[in-house]
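In: need a structure here:
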Amino acid sequence: MFTATLIAQPGTLDPALAEALRNAWGGGDLVWLSPDEAAEFEMAAVPDTADTSWNALQDQGVDLTIQPSAGRRKKVLLADMDSTMIQQECIDELAEMAGVGAQVKDITARAMNGELDFEGALIARVGLLKGLPESVIDDVLNTRISLMPGGPVLLATMKANGAYAALVSGGFTSFTARVAATLGFDENRANTLLTDDTMLTGDVARPILGREAKVAALEDVTKRLGLSETDVLAVGDGANDLGMLQRAGSGVALHAKPSVQAQAKLRINHGDLTALLFLQGYSRDAFVTPEDRALA
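Out: Numbering: from 1, shown residues only. Alright, predicted model coming up:
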């Protein structure tokens, strides 16, 4: 059996639209995970019209995911950081402080869309940060970085239900450490910016954590926990995330670059990070807020 899940911004999912799709595909009972926001139904097979329906629903502000019904609720969350768990690209924010924002943002965009080699692009961008005071990192964290909507609830809910969470970023440990601690990740992996006398040297420690390192993290975490890759929900937005997205049981391209969406199993463009709970079958009344989890 397969489950189709429709997700939209709160209050914007038309019940008639959900019913029409269920009827057209001969699905089972329509289950509302959140009124006028998320609904799901089971069906025996993936319809031939799945791709055309996805495109049509996108035009109406609705995300559609289809996946096997069995094992949808995952035991591991493997998440990218930049433009996924936070709304910014950390290196772009550092570049703004260094006065090279436009140049670095262009390289970042091209690298995340798969137009440039990730490692070479990272080295080039970090080189432009040479001489920036290390203290700027805290300034950026405190004034320019914001969490992606839905992230705290995603982490709190999955961890309350026994999941393990790993933050794996092609960014920098000076950022992932803070973001991981804030959201409740069990571990974080990223690159290390090199410093000399409190100034950035314009280089990064080797080996560089890129696409293959994220796949290695998936392999390492599942092996260590005695789990299968099918037990993993991976989420990211860039070309360097594709390896882990394609290997994970559920690989979600979140507000992702076009080339990433074209190759990902699941795509979310309209919902926030709580969409990752809906596609696992959690209803909104089963969501756990960070405060609820802290008091449990």
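In: CA only for contacts and neighbour counts going forward, please
Out: Will do.
In: how about the helices in the stretch 151-296 of the chain?
Out: Assigned by DSSP state H, counting those that start in this stretch, the helices in the stretch 151-296 of the chain fall at 151-160, 173-183, 211-225, 242-247, 258-261, 275-278, 290-295.
In: would you mind measuring from residue 87 to residue 144?
Out: 10 Å (C-alpha to C-alpha, to the nearest Å).
In: for residue 256, give me phi and psi.
Out: When read as degrees, to the nearest 10, the backbone of residue 256 gives phi -90, psi 170.
In: wait, what's in contact with it?
Out: 236, 237, 238, 267, 269 (C-alpha atoms under 8 Å, 6 or more residues apart in numbering).
In: got a list of what the third one touches?
Out: So the one you mean is residue 238. 111, 112, 113, 114, 256, 257, 260.
In: repeat that for the fourth one.
Out: For residue 267, the contacting residues are 63, 64, 65, 252, 253, 254, 255, 256, 261, taking C-alpha under 8 Å, 6+ apart as the criterion.
In: ok, for the first one, nearest residue in space, not its chain neighbours?
Out: What sits nearest to residue 63 in space, not counting adjacent residues and going by C-alpha to C-alpha, 6 or more residues apart in numbering, is residue 7, at 5.1 Å.
In: if we can go back for a sec, turn the contacts of residue 238 into JSON lines, including distance to residue 229 and pLDDT.
Out: Listed next are these as JSON lines, based on distance: C-alpha to C-alpha, whole Å; pLDDT from 0 to 100:
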{"residue": "111", "distance to residue 229": "26", "pLDDT": "83"}
{"residue": "112", "distance to residue 229": "24", "pLDDT": "82"}
{"residue": "113", "distance to residue 229": "25", "pLDDT": "81"}
{"residue": "114", "distance to residue 229": "24", "pLDDT": "82"}
{"residue": "256", "distance to residue 229": "22", "pLDDT": "94"}
{"residue": "257", "distance to residue 229": "24", "pLDDT": "85"}
{"residue": "260", "distance to residue 229": "20", "pLDDT": "92"}
